[in-house]
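Engineer: only geometry, no sequence info:
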């Protein structure tokens, strides 16, 4: 039976200190739900973000049968269903279990695994087998069932994209080996690739033993001496230690096509739909102007034809405005996956990679259709890098409709991502380097975040034009 959960605990970022186990694990799942003003919320873990077309259809069926029909992507490549009724009970669990999305009830909130979305598609190492092995090992471990819903594994293909997310246990592909990182430290341990998933699980189980006295949810929350001892103990059973600083910025796949050699073509073909003009909300439907960035189709100007498509593509990447997908958008993505590579890869940046292969014409047509549906197919879109929590009216704690405010403040794509939060909890905020915009009783507070550090904030009163200008200036700042 699904149970309603208490409200989630504050983000450690906003609390100013470590998050400790002074209460139950409040992270939602599919068997225990989170209460919200728009109904109950379920979070479905999708290890590595990898979804077969059949499982994607099952998620859409669950959203339509039990919730409001929409699917929301999270900062860990998972899916949230909102607007769930109290009567959904075991029906949701039964549907998800039947689709293979709930392999272990005891571990459903512990299956937090992010993976490089383009792994194996652009000349980088494939991670699929190791991902499946790690997920199976986690589900088979009695100890791992005690991992918090906040604990995070990462599988990085060597490019550093998910290594930058600050996972608790990270495996980084490096030739015929993995580099094992524990928490945010700069020390890694070289281990044979075949031993990587088991080494990651052992590290997580070692964390649980180390956290018994401190009550920490994550590696970074351990007292410094305990964290140092954990790294030493894990290293004693692993390979040689190396110094490899964790990347500061997590770089998402750029919207567009990706080839075997890593080439990106970002302009779609004949079906191209222009993005919204910076500062406007032309890409939003009239009924949800600002708040819901799913817009009407436009036709490309005849005197500005798109360039020739690439010769071929191994994958397409799109971003999802504010991580919110309508049923029609999800159906189109699923149909595209079924026609080509058979799967979708949800990214930790609220985007989706569709593996191919595609011919150049197929890639252009697919991108055109996805753009027409309101998805982001170019890094020049004003929506690129813009994120927000659910805000009002879905969350009682929010001080503002931050999704509407994010739409109203759209401008040229900035160097840094920006995330709008309706309160100090900052639910779903990104990691690495980003611009933090938080609603306050007096307006908004804007600050530059680099990992666990942040610059002194600037406060903008209730002036939409001044707020948009301040956000644009913050996003454009140089290194």
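Structural biologist: Perfect, thanks for sending it. This is a predicted model, so every value here is computed, not measured.
Engineer: and residue 318, what are its bridge partners?
Structural biologist: Residue 318 has these beta-bridge partners by DSSP bridges: residue 352.
Engineer: that should have said residue 434, apologies.
Structural biologist: Under the criterion used (DSSP bridges), residue 434 bridges to residue 449.
Engineer: I figured it hits residue 415, correct?
Structural biologist: No - applying Cβ atoms under 8 Å as the test, residue 434 and residue 415 come out as separate, 10.7 Å apart. Any C-beta I mention is one placed from the backbone N, CA and C, and that applies to glycine too.
Engineer: so between the two, which is more surrounded?
Structural biologist: Per other Cβ atoms under 10 Å, whichever of residue 434 and residue 415 has more neighbours is residue 434, with 24 against 14.
Engineer: distance of the more buried one from residue 191?
Structural biologist: Applying Cβ to Cβ, to the nearest Å, the value for residue 434 to residue 191 is 31 Å.
Engineer: could you do residue 428 as well?
Structural biologist: From residue 428 to residue 191 the distance is 32 Å (Cβ to Cβ).
Engineer: do the same with residue 425
Structural biologist: Remark: distance between residue 425 and residue 191 (Cβ to Cβ) = 37 Å.
Engineer: can you check residue 234 too?
Structural biologist: Counting by Cβ to Cβ, the gap from residue 234 to residue 191 is 10 Å.
Engineer: before we move on, what about residue 408?
Structural biologist: 49 Å.
Engineer: and for the closest residue to residue 411 other than its chain neighbours, the neighbour number?
Structural biologist: Excluding the flanking residues, the one nearest residue 411 by Cβ to Cβ, 6 or more residues apart in numbering is residue 472, at 4.3 Å. Residue 472 has 19 neighbours, counted by other Cβ under 10 Å.
Engineer: which pLDDT does the model give residue 472?
Structural biologist: Note on residue 472: pLDDT of 93.
Engineer: next up, phi/psi of it, please.
Structural biologist: With angles defined as degrees, to the nearest 10, residue 472 sits at phi -60, psi -40.
Engineer: next, count neighbours for residue 254.
Structural biologist: Look at residue 254: counted by other Cβ under 10 Å, it has 16 neighbours.
Engineer: hang on, it packs against residue 317?
Structural biologist: Yes - proximity of residue 254 to residue 317 meets the contact threshold set by Cβ under 8 Å, at 6.6 Å.
Engineer: quick one: contacts for residue 240?
Structural biologist: Counting by Cβ atoms under 8 Å, 6 or more residues apart in numbering, residue 240 makes contact with 189, 190.
Engineer: mind redoing it with 10 Å?
Structural biologist: 188, 189, 190, 191 (Cβ atoms under 10 Å, 6 or more residues apart in numbering).
Engineer: tell me how far it lies from residue 192.
Structural biologist: The separation that residue 240 has from residue 192, given Cβ to Cβ, amounts to 12 Å.
Engineer: also residue 96?
Structural biologist: According to Cβ to Cβ, residue 96 and residue 192 sit 35 Å apart.
Engineer: okay, the two: which has more neighbours?
Structural biologist: Ranked by neighbour count (other Cβ under 10 Å), residue 96 and residue 192 place residue 96 first, with 23 against 11.
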